[in-house]
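Enquirer: Sharing a model prediction with you, sequence too.
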There are 2 protein chains.
Amino acid sequence: MQNFHYYNPTRVVFGQGAIAKLSELTPRDGKVLLLYGGGSILRNGVHAQVTAALNDHDLREFGGVEPNPSLAVCLRATAVCRAENVAFILAVGGGSVIDAAKFIAAAACFEGDDPWRICTSGGRAIKAMLPLGVVLTLPATGSESNSGAVISHTDKQEKRAFGSPLAFPRFAILDPTATVSLPAKQVRNGIVDAFVHVCEQYVTSYTAAPLPDRLAEAILQTLVERGPVTLAAPGDYAARADLMWSATLALNSLIGMGVPHDWATHMIGHELTALYGLDHAETLAVVLPGVWRDQLERKQAKLAQLGRRVFNVDGADAAIAAVEAFFHALDMPTRLGHYGIDAGEAAARIAERFTARKTMLGEHRDIAPDAVRTIVAAR
Amino acid sequence: MQNFHYYNPTRVVFGQGAIAKLSELTPRDGKVLLLYGGGSILRNGVHAQVTAALNDHDLREFGGVEPNPSLAVCLRATAVCRAENVAFILAVGGGSVIDAAKFIAAAACFEGDDPWRICTSGGRAIKAMLPLGVVLTLPATGSESNSGAVISHTDKQEKRAFGSPLAFPRFAILDPTATVSLPAKQVRNGIVDAFVHVCEQYVTSYTAAPLPDRLAEAILQTLVERGPVTLAAPGDYAARADLMWSATLALNSLIGMGVPHDWATHMIGHELTALYGLDHAETLAVVLPGVWRDQLERKQAKLAQLGRRVFNVDGADAAIAAVEAFFHALDMPTRLGHYGIDAGEAAARIAERFTARKTMLGEHRDIAPDAVRTIVAAR
């Protein structure tokens, strides 16, 4: 194993009825901003549960955070925080709402001229943040118990990630029943997102970490086994719970300790979302097999291990095919053509951006823009 | 999965050279008590590394914490903390030193008449604690990143556990090279201790937690694969590292989330240590197969799963035999006779104690003292 530094102070309260714990978990010494997205929590009862639990807190509300939360909306919420002197942000939603909450919590305390610097600095520009908490309604991104976030600058068609040790939520409430009303497409996206999060920390050229490998495989096996059940039987509490905890552990630092990380698929995927508006998970399902085929030689041993231990197939090629088949079984396309996108054009545009930013990808940081062009053109 | 509450704020700094990080991790605003055990850290260079890293801190030292740390020694160290107005305790050692540090940190702030109440109350009597940090030299107990501890009252021949959310170490430094000079017996004990910690949270009658199960199996598989390598090749850094991280994750709350816990083996084992002085791990290896055979019907499905997934054998009986064979291969006895202890006498003494304390064991809290007598008498 490689040297590592592990720290994750987020308190996770998991299970049916957990939203009632908000009352004791949310600080009372100041205003609380309840941040949410498109309003599904108004229809599925979660908003009512949250406000009931917080009936003796001083609440303000801000709805309308979009998927791939935009700088513009985040800055509007930041202005509310400043005007109202908000002391705590409660994100109720999925990864987009949580990521927005992290940005807003940083921007509310940001003293520079341009808060977009929070993202372009990768988070290094953050000196202070408001504390935040989470009620998760969509298992997918892991943002509920990690220190990262991704924000979109719509005008620039850019999607940029940042992180800060100050960005860990104080608590994350995970009630699987709050996910029952999700559309199948969002459940599917969540399964694929969590699956690829694990792969980015597992399918590398590094083969000297038996414990991190097996922790990663534990999550992948659970997603492969329980993901389809969640889709087939939306009311199955146990399957929802298995999916929810899997998605959190897929990206809360733990499984990535002691091993190198890839993240090439995510970096390329962010560009596909920024340029063409694909859902985050949709981009991952398209890009992942492409990165693997391009890096087949170096990732061969780990891909074969993935195939053998998770899908019961032999060899790296069979493993890639098994992952594609798993995505297809979830009704998740793996080709750009499905979205009417010309792969050659997308490849050229993304390579141009990475060239301008001097971006190098992969666990060896040696996948140059030219290689990215080849990878995307083949999708 | 069952509802759960997960929280673990300990910062883990892992790898070769990590001890140098002490300088920045240890607070400078007050005296630091360096607590250690029998002095092996004076011989293997760890003491020199620690004091070099802390050369601009105000250090006091207290050595001589025993295996199964005694109330008497802990109270002597507590008196030093009070007399010197110590602000931070740095435990350098294995589980015994860390457990002692937790007790001392609580006792230094304890306002009642009898600090043994810290243990007899299970930790509920703790209102405040000094902060503490850890340099781990013996992978085994997981105490470096959990909130529990076990202290022995030698006069009463009692060994009692306590826990408190205040007892999490602020940091734990895990440098596998600090474990290279350990005697084989202590390495063996650590492997068995970690293995049984996992089993106590995994081999129950509960079969509705695919992710926690697989996380548990990930650690067991790693211990089975890498434990023997650590013993055969003491200088193998990679194997040491795998063992060290496995032992930490075996008991830092994570794998026990969402599932019931047994701990019958530990509770009976503590009595064997208190009465006969066996090493903690030695007691576990003796008791575990006995508890499993007694609870075979209820644990059957999970034992069969353990056998299939970890040892590649079929059925509950074969799984128990495989675990015993694993212990024997590590040179770890599984019978009281090996220690010259009369099983019938031990059974009667332990059952009498549990009767007096009204102790009920197992994940269903229904293993009564009579059943404990049967279990121990058969060992």
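Expert: Nice, I can see it.

Enquirer: Surely residue A:5 is within a strand?
Expert: Yes - for residue A:5, which was evaluated using DSSP: H, G, I helix; E, B strand; the rest coil, the result is membership in a strand.

Enquirer: what's the burial count for the residue lying closest to it once chain neighbours are set aside?
Expert: In this structure, residue A:5 finds its nearest non-sequential neighbour in residue B:13, 5.4 Å apart by Cβ to Cβ, 6 or more residues apart in numbering or on different chains. Where you see a C-beta, it was placed from the backbone N, CA and C, and this is true even at glycine. A count of neighbours around residue B:13, defined by other Cβ atoms under 10 Å in any protein chain shown, yields 23.

Enquirer: SS state for residue B:13?
Expert: Classification of residue B:13 using three-state DSSP returns strand.

Enquirer: buried ones in stretch A:277-294?
Expert: Taking 16 or more other Cβ atoms under 10 Å in any protein chain shown as the neighbour-count basis, stretch A:277-294 is seen to contain the buried residues A:278-294.

Enquirer: er, stretch A:44-64 I mean
Expert: Neighbour-count burial for stretch A:44-64, counted by 16+ other Cβ under 10 Å, picks out A:44, A:46-47, A:49-50, A:53-54, A:57, A:60, A:62-63.

Enquirer: From the residues you listed, which shows the smallest pLDDT?
Expert: Least confident by pLDDT among the buried residues of stretch A:44-64: that is residue A:44, with 94.

Enquirer: Spatially nearest residue to that one (excluding sequence neighbours)?
Expert: Of all residues beyond its chain neighbours, the one nearest residue A:44 is residue A:181 (4.2 Å), with distances taken as Cβ to Cβ, 6+ apart.

Enquirer: ok, the one you found - contacts?
Expert: Neighbouring residues of residue A:181 by Cβ atoms under 8 Å, 6 or more residues apart in numbering or on different chains: A:40, A:43-44.

Enquirer: of the residues you listed, closest to residue A:103?
Expert: Using Cβ to Cβ, residue A:40 is the member of those that sits closest to residue A:103, with 21.0 Å.

Enquirer: Which parts of the stretch 201-350 of chain A are helices?
Expert: Counting by DSSP state H, counting those that start in this stretch, the stretch 201-350 of chain A has these helices, from start to end: A:210-232, A:237-250, A:264-276, A:280-294, A:296-306, A:316-329, A:343-357.

Enquirer: Next: the stretch 1-150 of chain A.
Expert: Taking DSSP H, counting those that start in this stretch to define them, one finds helices in the stretch 1-150 of chain A at A:22-25, A:40-43, A:46-53, A:71-84, A:95-107, A:117-120.

Enquirer: Run a quick neighbour tally on residue A:84.
Expert: Using other Cβ under 10 Å, residue A:84 has 14 other residues around it.

Enquirer: Quick one, grab the pLDDT at it.
Expert: For residue A:84, pLDDT reads 97.

Enquirer: thought it was touching residue A:32?
Expert: No - with contact defined as Cβ atoms under 8 Å, residue A:84 does not reach residue A:32; the gap is 10.1 Å.

Enquirer: okay, and the common contacts of the two?
Expert: residue A:60.

Enquirer: got the contact list for stretch A:296-310?
Expert: Judged by Cβ under 8 Å, 6+ apart, the contacts made with stretch A:296-310 from elsewhere in the structure are A:199, A:202-207, A:213, A:217, A:220-221, A:224, A:292, A:313-320, A:322-323, A:364.

Enquirer: returning to that earlier point: could I get the contacts of residue A:181 as TSV with distance to residue A:270?
Expert: TSV is the format used below for the contacts of residue A:181 (distance: Cβ to Cβ, whole Å):
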residue	distance to residue A:270
A:40	24
A:43	30
A:44	29
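
Enquirer: Pick the one among those closest to chain B.
Expert: Sorting the contacts of residue A:181 by how near they are to chain B, with Cβ to the nearest Cβ, puts residue A:44 at the top with 20.1 Å.

Enquirer: returning to what we had before: let me know which of the helices of the stretch 1-150 of chain A is tucked in deepest.
Expert: Ranked by mean neighbour count, these are led by helix A:95-107 with a mean of 29 (mean count of other Cβ atoms under 10 Å in any protein chain shown).

Enquirer: could I get the helices of the stretch 201-350 of chain A as CSV with mean pLDDT and distance to residue A:147?
Expert: Below are these laid out as CSV (pLDDT from 0 to 100; distance: least, Cβ to Cβ, whole Å):
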stretch, mean pLDDT, distance to residue A:147
helix A:210-232, 98, 19
helix A:237-250, 98, 14
helix A:264-276, 96, 16
helix A:280-294, 98, 18
helix A:296-306, 98, 26
helix A:316-329, 98, 28
helix A:343-357, 97, 23
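
Enquirer: Sheet-wise, list the partners of the longest strand along chain A with their directions.
Expert: Ordering each strand of chain A by length in residues (DSSP state E) puts strand A:86-93 first. Note on strand A:86-93: by DSSP bridges, its sheet partners are strand A:31-35 (parallel), strand A:132-136 (parallel).

Enquirer: How about the contacts made by the residue of chain A positioned farthest from its centre?
Expert: For chain A, the C-alpha lying farthest from the average C-alpha position belongs to residue A:56; by Cα atoms, centre = their mean, that distance is 32.2 Å. Residues counted as contacts of residue A:56 (Cβ under 8 Å, 6+ apart) are A:23, A:28.

Enquirer: what's the spacing between it and residue A:22?
Expert: Taken as Cβ to Cβ, to the nearest Å, the spacing of residue A:56 relative to residue A:22 amounts to 11 Å.

Enquirer: distance of the residue sitting nearest the centre point of chain A from residue B:36?
Expert: Taking Cα atoms, centre = their mean, the centroid of chain A lies closest to residue A:141, which sits 2.6 Å from it. Going from residue A:141 to residue B:36 by Cβ to Cβ gives 43 Å.

Enquirer: Below-threshold pLDDT in the stretch 1-150 of chain A: ranges please.
Expert: For the stretch 1-150 of chain A, no stretch has pLDDT under 70.

Enquirer: Quick check: residues of it near chain B?
Expert: Contacts of the stretch 1-150 of chain A with chain B, taken as Cβ under 8 Å from any Cβ of the partner chain, map to A:1-9, A:11-18.

Enquirer: about what we covered before: need phi/psi at the residue farthest from the centre of chain A.
Expert: Taking degrees, to the nearest 10, you get phi -110, psi 20 for the backbone angles of residue A:56.

Enquirer: mind checking how far it is from residue A:48?
Expert: 16 Å.

Enquirer: Same question for residue A:233.
Expert: As for residue A:233, its distance to residue A:48 is 25 Å (criterion: Cβ to Cβ).

Enquirer: Per the annotation, how does chain A divide into domains?
Expert: When chain A is parsed into structural domains using automatic domain parsing, the resulting residue ranges are A:11-177, A:183-377.

Enquirer: what about the first one, start to end distance?
Expert: Distance between the boundary residues of domain A:11-177 (Cα to Cα, to the nearest Å) amounts to 19 Å.

Enquirer: Stretch A:309-325 too?
Expert: Using Cα to Cα, the gap from the first to the last residue of stretch A:309-325 comes to 16 Å.

Enquirer: same check, this time on stretch A:17-37
Expert: The distance separating the two terminal residues of stretch A:17-37, taken as Cα to Cα, comes to 22 Å.
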